[in-house]
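Chemist: Sequence first, then the predicted structure, then my questions.
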There are 2 protein chains.
Amino acid sequence: MACLCEQIAGSGIDLSPVCIGHLWIFQNLEADEVEALSREALRKKSTAGQALFLQGDPTDEMFLIKGGRVKLSKVLEDGTELTLDIRKAGDFVGENMFSEEGRYPISAYCIEDTLTCGFSRSQFEQLVLQHPKVGLQIIKNLSERIAWLTRRVGSLAVTNIEDRLYRVLTSVAKEHGMTSPQGTIIQFPLTHEDLSFLIGAHRVSITRAMKALKAAGKILHEDKRLILPGLKIA
Amino acid sequence: MACLCEQIAGSGIDLSPVCIGHLWIFQNLEADEVEALSREALRKKSTAGQALFLQGDPTDEMFLIKGGRVKLSKVLEDGTELTLDIRKAGDFVGENMFSEEGRYPISAYCIEDTLTCGFSRSQFEQLVLQHPKVGLQIIKNLSERIAWLTRRVGSLAVTNIEDRLYRVLTSVAKEHGMTSPQGTIIQFPLTHEDLSFLIGAHRVSITRAMKALKAAGKILHEDKRLILPGLKIA
DNA sequence: TCCTGCATGTAACAACTGCTACAGAAAGAT
DNA sequence: ATCTTTCTGTAGCAGTTGTTACATGCAGGA
């Protein structure tokens, strides 16, 4: 498929097979409209560690991740950092764009080299007005995000750290994992510190909880990769 | 204004001044369309304690609260109950309707006598397709919900119960509070047990945290009403 | 090779929260 | 008024987590 992205990405990044034209959001557009959009979208190549946007920046852009991985995190008032989500190729980032507040409530950092397509708010609004079905698709996607966040709230409300860890691992495995005969494998390495940000607990507590989960047979650790034996991907 | 709601509600419920025609979502509709919608909407009167829907029910309806107050809560796997949000007249409930899962991830209970207008999913989809601007409005509203939930996740991630309580009180006061010379007053009574569900902590811990907050001067307690002196409503 | 930096594992103690039990206060009901 | 129920406040103890400190293992660079 002819796609600008491939030329821009070069060889360093594994691209998602999803290009704009294939994306669920744009399913109901005409070929020439897709092409027009594709021309307008702002490609950006970011290296690991760079930020797409920072908490407090004005919300004027929304990103489609073409390749790589992006971490969404929030700095709380007491200075603690909390990782909300890790998004991968094919996902959107910046769904708060339409919020009245006008500022991102979170930061988005690339944790791998990443290629994104950006859309401005006005581009989007125009698109929705011209293509109501696109609006419906977005509404559904936002609904999913809300359901996901609702589950996330549930995870954090569990006081027990061991359970919280297992929930988060399960959730990560479902979104980024790969099925294998032994169970679901989480592809990329997660340090205990990464997990402590995801869970909102001390690093040492993660070590304790991991030990307990391993002892209970709920997780395995092979070649720096985590495996959840009791989990099948839907 | 002539509105069916008033006739149905009777005298027991304080109605929101917002009727369908005035609601932000329907701002860009023609008068006759508003009227058609108003006819189609399913009014329902519920008494305190009744559920609008339960966790696990199929998601086929979305509600506009005309009067009263509704509590959204989630039962976690370990049996704990967590209150996610308390919504008031003028708010929507059931924004998960469009999610793929097809089941509500939470329950909605009336905590006061409540009058609601219900819309089915198909009604809504049709509406969005015919009026793209309505779609945009909904997208913005869902964006707000996402921002709100993001803050909620932040609140729960704070391990300290005293801070968590203060955040939750602040949030409740912003949504339901009234400005007074002393600060923002939370109108309706919240028992320590209610708060324990909102915060995900033991009832006794709430009592302890309340004591600490009072001692620190961050909250006042007058006539069963909570007052936050250091808070102005935007 | 050694050194350095980073991730992991362990230990001990302090602090906090959950849990249970009980007592007094407040609000309704009969 | 009396009884009942619900809410609030207190106390003590057990269990969990935060915090700090240190040891180990592993990888990359000089």
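Modeler: Arrived safely, thanks for sending. Numbering: from 1, shown residues only, chains lettered A, B, ... in the order given.

Chemist: Only C-alpha atoms from now on, for both contacts and neighbour counts.
Modeler: Noted.

Chemist: Show me how the record splits chain A into domains.
Modeler: What automatic domain parsing lists as the domains of chain A is A:4-157, A:161-228.

Chemist: Out of those domains, which gets nearest to DNA strand C?
Modeler: Ranking the domains of chain A by proximity to DNA strand C (CA to the nearest atom of the strand) places domain A:161-228 first, at 3.5 Å.

Chemist: Do me a favour and get the end-to-end distance for the closest one?
Modeler: End-to-end distance for domain A:161-228: 17 Å, by CA to CA, to the nearest Å.

Chemist: Please apply the same query to stretch A:32-51.
Modeler: 32 Å.

Chemist: Off-centre distance for that stretch?
Modeler: Shown here is stretch A:32-51, whose average C-alpha point lies 17 Å from the average C-alpha point of the whole chain (CA atoms, centre = their mean, to the nearest Å).

Chemist: average model confidence for that stretch?
Modeler: Mean pLDDT, computed over stretch A:32-51, is 79.

Chemist: How is the residue sitting nearest the centre point of chain A classified with respect to secondary structure?
Modeler: Among the residues of chain A, the one closest to the centroid is residue A:87, at 1.4 Å (CA atoms, centre = their mean). Under DSSP: H, G, I helix; E, B strand; the rest coil, residue A:87 falls in the strand class.

Chemist: same question, the one 3 residues further on
Modeler: Remark: residue A:90 carries the secondary structure label coil [criterion: three-state DSSP].

Chemist: Excluding sequence neighbours, find me the nearest residue to it.
Modeler: residue A:65 (5.5 Å; CA to CA, 6 or more residues apart in numbering or on different chains).

Chemist: so that neighbour is in which element?
Modeler: strand A:61-67 (DSSP states H and E).

Chemist: Identify the neighbouring strands of that strand in the sheet and state each direction.
Modeler: strand A:92-93 (antiparallel), strand A:114-120 (antiparallel) (DSSP bridges).

Chemist: and stretch A:105-120, anywhere near DNA strand C?
Modeler: No: interface with DNA strand C: stretch A:105-120 contributes nothing (CA under 7 Å from any atom of the strand), its closest point being 12.1 Å away.

Chemist: Report the backbone C-alpha coordinates of that stretch in PDB.
Modeler: This file holds the C-alpha atoms of stretch A:105-120, laid out as PDB (Å, rounded to 0.1, in the frame of the first residue of the first chain):
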ATOM      1  CA  PRO A 105      -4.600  16.600  32.000                       C
ATOM      2  CA  ILE A 106      -1.800  14.200  31.300                       C
ATOM      3  CA  SER A 107       1.500  13.800  29.500                       C
ATOM      4  CA  ALA A 108       2.300  11.500  26.600                       C
ATOM      5  CA  TYR A 109       5.800  10.200  26.400                       C
ATOM      6  CA  CYS A 110       7.200   7.900  23.700                       C
ATOM      7  CA  ILE A 111       8.800   4.800  25.300                       C
ATOM      8  CA  GLU A 112       9.900   3.500  21.900                       C
ATOM      9  CA  ASP A 113      10.800   5.300  18.700                       C
ATOM     10  CA  THR A 114       7.400   6.400  17.400                       C
ATOM     11  CA  LEU A 115       5.700   7.600  14.300                       C
ATOM     12  CA  THR A 116       2.400   9.500  14.700                       C
ATOM     13  CA  CYS A 117      -0.100  11.200  12.500                       C
ATOM     14  CA  GLY A 118      -1.600  14.300  14.100                       C
ATOM     15  CA  PHE A 119      -4.900  16.000  13.500                       C
ATOM     16  CA  SER A 120      -5.900  19.400  14.700                       C
END
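
Chemist: Let me see the mean pLDDT of that stretch.
Modeler: On average, stretch A:105-120 scores 88.

Chemist: thinking again about what came up before, Serialize the strands paired with strand A:61-67 to TSV and add fields for mean neighbour count.
Modeler: Below are those laid out as TSV (neighbours: other CA atoms under 10 Å in any protein chain shown):
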stretch	mean neighbour count
strand A:92-93	20
strand A:114-120	23
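
Chemist: that older thread, can you tell me the helix or strand for the residue nearest to the residue nearest to the centre of chain A when sequence neighbours are not counted?
Modeler: Counting by CA to CA, 6+ apart, residue A:87 lies nearest to residue A:70, which is 5.2 Å off, once chain neighbours are set aside. Assigned by DSSP H and E, residue A:70 falls within strand A:69-75.

Chemist: That strand pairs with which strands?
Modeler: strand A:81-88 (antiparallel), strand A:107-110 (antiparallel).
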